[in-house]
Structure formats: C-alpha cells, structure tokens
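**Student:** give me the fold of what follows.
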Amino acid sequence: MGVKRLSQIEEGKLVKIVGCETGKGLKRRLEGLGLTSGRTVKVLKNGWGPLLIEVLGRKIGIGRGQAEKILVEEVKES
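**Tutor:** Residues are numbered from 1 along each chain as shown. The predicted structure follows:
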C-alpha cells in the first residue's frame, strides 16, 4: 500500500493520517478539524474541486491544495 497524499485516495476508501507537510498555521487549522496523525478518515467525494471527507462523524470539505499536503495510508475495512 504505502504512503499517499489524501488527494490521491479514491472515494469510499478509509485511510489513516500519518503526517502533514504543512506550515504551523495550516497544521493548527487541520488539527482543529480533527485531522491529526493516527486519525482515521473516510473519503466521501474526490472529483473536481474540494474533497469531502468524514472524520469524527463529521463531514468536512477540504481544498485540494490542503489535501495534497496530508500524508495517509489506506486502512483495510473489516
């Protein structure tokens, strides 16, 4: 599987955040949304425009540029 960028993940996939390549400001913003290392996220929509993800039971829209900076690994659903 390996590490990918959140923007590369297909709709319906479950991933775990392994890191972020961001500055302090964006890192704080993402942490405020619950997007922290070790957190599991589901990609609901990944087409044109922003990604729609689900984290902590909430749906969040995240810009493609921000999604490029979030590193994830796919999680096998049980």
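
**Student:** from now on I want contacts and neighbour counts done on CA atoms only, so please keep to that.
**Tutor:** OK.

**Student:** what residues does the lengthiest helix in the chain touch?
**Tutor:** Of all segments of type helix in the chain, defined using DSSP state H, the longest is helix 24-32. With C-alpha atoms under 8 Å, 6 or more residues apart in numbering as the test, helix 24-32 has contacts from Cys20, Thr36.

**Student:** list the strands paired with the next helix or strand after that helix, with their directions.
**Tutor:** Remark: after helix 24-32, the chain's next helix or strand is strand 40-45, criterion DSSP states H and E. Here strand 40-45 has these sheet partners by DSSP bridges: strand 14-20 (antiparallel), strand 51-55 (antiparallel).

**Student:** could you pull out the buried residues of the worst-scoring helix or strand of the chain on mean pLDDT?
**Tutor:** Within the chain, no helix or strand scores below helix 24-32, which has a mean of 89 by mean pLDDT, DSSP states H and E. By 16 or more other C-alpha atoms under 10 Å, the buried positions in helix 24-32 come out as Lys27, Leu30.

**Student:** only alpha carbons, please: show it as PDB.
**Tutor:** Taking Å, rounded to 0.1, in the frame of the first residue of the first chain, the C-alpha atoms of helix 24-32 are listed here in PDB:
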ATOM      1  CA  LYS A  24       2.300  25.900  11.500                       C
ATOM      2  CA  GLY A  25      -0.800  27.800  10.600                       C
ATOM      3  CA  LEU A  26      -2.300  25.200   8.400                       C
ATOM      4  CA  LYS A  27      -1.200  22.400  10.800                       C
ATOM      5  CA  ARG A  28      -3.200  24.200  13.600                       C
ATOM      6  CA  ARG A  29      -6.200  24.600  11.300                       C
ATOM      7  CA  LEU A  30      -6.200  20.900  10.300                       C
ATOM      8  CA  GLU A  31      -5.800  19.800  14.000                       C
ATOM      9  CA  GLY A  32      -8.800  22.000  14.800                       C
END
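
**Student:** with that, I have no additional questions.
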